[in-house]
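1. kindly generate the corresponding structure for this input.
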Amino acid sequence: MSGISIYEFDVLMAATSTGSLSEGLHIIPDTVYAWLERQCLRASNDSKPAWLRLTQRRGHRAIQVTSFVGVIRAPDGYQIEVLPKVGKVIGAGASKARQLLIEMLCCLQEFRHLQTDTANLAAARMPLLEVFIAEFLRTVGHIVKQGLRSTYTTQQSNLFALRGKLMMASHLRQNLCRADRFFTEHDEFSINRPENRLLHTALQRILQLTASQTHQQLARELRFVFAEVPISADPNMDFQRVRLERGMGYYEEALAWSKLILEQQSPMTGRGGNHAPSLLFPMEAVFEAFVSKHIAKQLARPLHLKTQARSHHLVRHQEQNWFCLKPDLLIKDAKKDVLVLDTKWKLLDGLKANGTNKYGLAQGDFYQLQAYGQSYLNGSGDVVLIYPKTGAFDRPLPVFEFPKTGGLRLWVLPFCLKSRQLLVPSDAPFKMVFKDLFERVT
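-> Numbers count the residues shown, from 1 in each chain. Just a heads-up that it's a prediction; the model follows:
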């Protein structure tokens with residue numbers, strides 16, 4: 001299996017296209033390109049955000065990836081790894097961009113078991129999908145060392161000796177002329193339980209996904225331990241049957257990875273024909289989770305952080321609330337809302353304040369934050385837009401004021417992905433909201 005690594009918003013063209021390559025433009029096999037085109041057309045009828053879009057380059061049809069990162073896997077096994085665009089801007093390279101993405105994914109609930117120490121080391125030498133596979137195999141290996149758990153399961157079978165309870169109706173129907181047989185129902189202590197079936201099924205799936213000989217060999221060795229465990233006939237049903245009994249905590253991580261592998265579970269999953277899953281994650285959601293996790297650690301007591309607050313609506317119509325206002329982050333104390341923050345995964349340019357660019361800010365975001373400020377802060381106080389820190393945007397922008405409100409101000413602040421800290425101006429009225437764990441800039 002082969003593949004390439006690209007960044008958000010890079011463009012893909014078929015191998016038969018002519019012309020010279022440029023930065024952000026990549027050539028892929030014709031069959032893979034044709035499959036991606038079909039995904040674009042299918043996605044155009046979907047209500048979910050598009051993870052691909054049709055475009056043109058040099059007079060040829062092309063496909064552009066959007067703000068989703070992760071792994072796109074074509075039916076023939078060709079893999080396209082999509083990395084955060086900030087890695088290209090800061091010149092970090094694919095390895096560093098992959099490590100950054102892994103650290104950010106750890107903040108998502110689905111990846112809470114991802115161990116960054118081992119994963120970051122692996123990210124320097126293998127694609128993202130192989131990093132996930134390595135983590136899964138590590139957790140299954142831990143279970144094998146601890147020992148597979150068994151349980152009593154009820155079975156019915158036609159035996160040569162009476163065991164358990166005789167099922168009279170079935171016994172008479174099947175053994176009327178067989179005095180040496182007994183149709184019984186009995187309990188058997190076995191490793192055939194939902195948790196083990198799911199792990200075995202995920203190991204089988206790994207053999208189809210991985211291109212690493214090392215991972216294939218390890219998966220086969222681990223499958224040997226599960227030889228007496230059947231493959232799950234219905235993984236969705238088995239996930240509902242999972243019961244982590246006392247002393248089975250060491251199963252939790254591997255089952256979380258199994259769910260990801262078997263269900264392609266992610267904030268957005270693109271599925272193609274012929275069982276070709278694409279594990280894609282919207283960077284807006286990943287960035288929001290990353291920022292919220294680290295800002296929550298930096299708040300002064302007794303303040304606390306609430307994500308996706310839903311306590312206010314934009315309008316009221318015929319005694320009904322319409323259009324819920326859901327800021328990404330809301331800092332509260334016991335009595336009131338203190339600070340509203342919204343994250344935006346967009347690269348700003350702090351030097352382009354004039355003309356139509358306006359730092360790269362969107363007018364719609366200002367309308368949105370004004371509505372949040374009016375509802376949550378009664379039109380007076382501070383609202384914050386948070387963007388990733390880059391070389392072109394490494395300092396907070398001068399404060400924005402809404403002139404026809406009761407003193408509402410908007411701050412545009414960079415969040416450093418490396419130090420995991422928000423850069424707060426020393427003259428910001430809300431600076432005391434945070435402990436001395438954030439970067440103050442003058």
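2. so what sits opposite the residue nearest to Pro127 when sequence neighbours are not counted in the bridge?
-> Excluding its sequence neighbours, the residue lying closest to Pro127 (Cβ to Cβ, 6 or more residues apart in numbering) is Glu81, at 5.0 Å. All C-beta atoms are positioned from the backbone trio N, CA, C, and that covers glycine. Beta-bridge partners recorded for Glu81 (DSSP bridges): Ser5, Val71.
3. would you agree Glu81 is in contact with Ile4?
-> Yes. Using Cβ atoms under 8 Å, Glu81 is in contact with Ile4, at 7.2 Å.
4. all helices for this structure, in order.
-> Counting by DSSP state H, one finds helices in the chain at the ranges 30-43, 86-89, 93-105, 116-123, 128-146, 168-174, 194-209, 213-225, 235-241, 252-263, 283-296, 363-376.
5. between the ones you listed, which has the poorest average model confidence?
-> Lowest mean pLDDT of the helices of the chain: helix 116-123, a mean of 59.
6. returning to that earlier point: how many neighbours does the residue nearest to Pro127 have?
-> 22 (other Cβ atoms under 10 Å).
7. so what's it up against?
-> Applying Cβ atoms under 8 Å, 6 or more residues apart in numbering, we find Glu81 in contact with Gly3, Ile4, Ser5, Ile6, Gly70, Val71, Ile72, Ala94, Arg98, Pro127, Leu128, Leu129.
8. kindly report the same for Phe402.
-> Gln370, Gly373, Leu408, Arg409, Leu410 are the contacts of Phe402 under Cβ under 8 Å, 6+ apart.
9. any idea how far the nearest residue in space to Arg205 that is not next to it in sequence lies from Cys107?
-> Nearest non-adjacent residue to Arg205, counting by Cβ to Cβ, 6+ apart: Ile261, 5.5 Å away. Distance, Ile261 to Cys107, using Cβ to Cβ, to the nearest Å: 20 Å.
10. same thing with Asp10?
-> Distance from Asp10 to Cys107, counting by Cβ to Cβ: 24 Å.
11. just for the stretch 301-442 of the chain, where's the confidence low?
-> When residues are selected by pLDDT under 70, those of the stretch 301-442 of the chain lie in 436-442.
12. hang on, the earlier thing: out of the contacts of Phe402, which comes closest to Lys346?
-> Here the nearest of the contacts of Phe402 to Lys346, counting by Cβ to Cβ, is Leu410; it sits at 15.5 Å.
13. contacts only, for the residue nearest to the closest one when sequence neighbours are not counted.
-> Closest residue to Leu410 apart from its sequence neighbours, by Cβ to Cβ, 6+ apart: Phe400 at 4.2 Å. Shown in contact with Phe400 (Cβ under 8 Å, 6+ apart): Phe366, Arg409, Leu410, Trp411, Val412.
14. measure the closest residue to Phe393 other than its chain neighbours to Tyr7 for me?
-> Using Cβ to Cβ, 6+ apart and skipping the chain neighbours, the partner closest in space to Phe393 is Leu348 (4.1 Å). Distance of Leu348 to Tyr7, given as Cβ to Cβ: 17 Å.
15. do the same with Gln374
-> For Gln374 relative to Tyr7 (Cβ to Cβ), the value is 37 Å.
16. coming back round to it: for the contacts of Phe402, which two are the farthest from each other?
-> Most distant of the contacts of Phe402, by Cβ to Cβ, are Gln370 and Arg409, 10.8 Å apart.
17. shared neighbours, these two?
-> Val383, Phe402.
18. how much space separates the residue nearest to Leu410 from Ile331?
-> According to Cβ to Cβ, Phe400 and Ile331 sit 19 Å apart.
19. ok now stretch 423-435, how far from the chain's centre?
-> Computed by Cα atoms, centre = their mean, to the nearest Å, the chain-centroid distance of stretch 423-435 equals 31 Å.
20. measure it end to end?
-> Terminal residues of stretch 423-435 lie 13 Å apart, using Cα to Cα, to the nearest Å.
21. kindly report the same for stretch 337-352.
-> 33 Å.
22. sort out which residues of it are buried, please.
-> 337-348, 350 (16 or more other Cβ atoms under 10 Å).
23. one more: stretch 387-394?
-> Along stretch 387-394, these residues count as buried under the neighbour rule (16+ other Cβ under 10 Å): Tyr387, Pro388, Lys389, Thr390, Phe393.
24. residues contacting the first one?
-> Tyr387 makes contact with Thr343, Lys344, Trp345, Lys346, Leu347, Leu348, Phe393, Val412, Leu413, Pro414, Phe415 under the criterion Cβ under 8 Å, 6+ apart.
25. could the residues you listed go into a markdown table alongside distance to Glu228?
-> Converted to a markdown table, the contacts of Tyr387 look like this (distance: Cβ to Cβ, whole Å):
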| residue | distance to Glu228 |
| --- | --- |
| Thr343 | 49 |
| Lys344 | 52 |
| Trp345 | 47 |
| Lys346 | 53 |
| Leu347 | 54 |
| Leu348 | 58 |
| Phe393 | 58 |
| Val412 | 60 |
| Leu413 | 57 |
| Pro414 | 56 |
| Phe415 | 51 |
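26. just give the nearest non-adjacent residue to Glu228, would you?
-> Nearest residue to Glu228, sequence neighbours excluded (Cβ to Cβ, 6+ apart): Ile191, at 6.2 Å.
27. that neighbour: neighbour count?
-> Neighbours of Ile191 (other Cβ under 10 Å): 18.
28. same question, Ala97
-> Per other Cβ under 10 Å, the neighbour tally for Ala97 reads 25.
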